[in-house]
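S.K.: Turn this into a model:
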Amino acid sequence: MTHEDLDAVSIQRICCGDPEAAQWLQVGRVYCHAIDDLIDEDIPNSHRIRGAERVCVIGALALEVYTHPFFIKHSAALKQAMLTCTNTYADSVRWEHSPVTWQMQYADWARHAWIQVVLTVAGLCGGYTHMRALSEELWAISYADHHNTAGAAT
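M.R.: Numbers count the residues shown, from 1 in each chain. The predicted structure follows:
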């Protein structure tokens, strides 16, 4: 038997044949390996301990976010909003120092992607009218928090 075969048998035994439990363990394994690879491959040795601690704190916060009763209750809407937010933020990181002007301008806006999640929560709690009443204010506050009086990103 190969290592993969033994692993599959082991997981089935651990999960008593429950396919959801087996899938969850597999996703968890990928998650753990991704964290380990990030720490081992992307954090310089001079910052490894501090970086590893920060990654672990982020993982613990993620557990709080994704198991919170509000998230569980509204998981379909919030999962998609957060996935879109994550994608938008990744675009902003990629284009933050782009030589293409519009990409840098977009990145400056896109780094505020969390506002989309906040507006989703406002919509879930108070409907579209409530979300619209808060939208411009939230965007303005987010912009002001990340720019100096001359409009330059800080």
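S.K.: From T2, how far off is the residue nearest the centre of the chain?
M.R.: What sits nearest the mean C-alpha location of the chain, by C-alpha atoms, centre = their mean, is T86, with 4.9 Å. In this structure, T86 and T2 are 35 Å apart, going by C-beta to C-beta, to the nearest Å. The way it works is simple: take the backbone N, C-alpha and C, and place the C-beta from them, glycine included.
S.K.: ditto for V117
M.R.: Taken as C-beta to C-beta, the span from V117 to T2 is 42 Å.
S.K.: what helix or strand is R29 on?
M.R.: For R29, the enclosing helix or strand under DSSP states H and E is helix 19-37.
S.K.: what's that helix packed up against?
M.R.: helix 3-14, helix 48-67 (3 or more C-beta pairs under 8 Å, 6 or more residues apart in numbering; DSSP states H and E).
S.K.: In it, which residues are buried?
M.R.: Neighbour counts over helix 19-37 (16 or more other C-beta atoms under 10 Å) mark A22 as buried.
S.K.: now the least confident helix or strand in the chain by mean pLDDT against helix 19-37, angle please.
M.R.: Within the chain, confidence by mean pLDDT, DSSP states H and E is lowest for helix 3-14 among all helices and strands, at a mean of 81. On the basis of axes from the mean of the first three to the mean of the last three C-alpha atoms, to 10 degrees, helix 3-14 is oriented at 130 degrees to helix 19-37.
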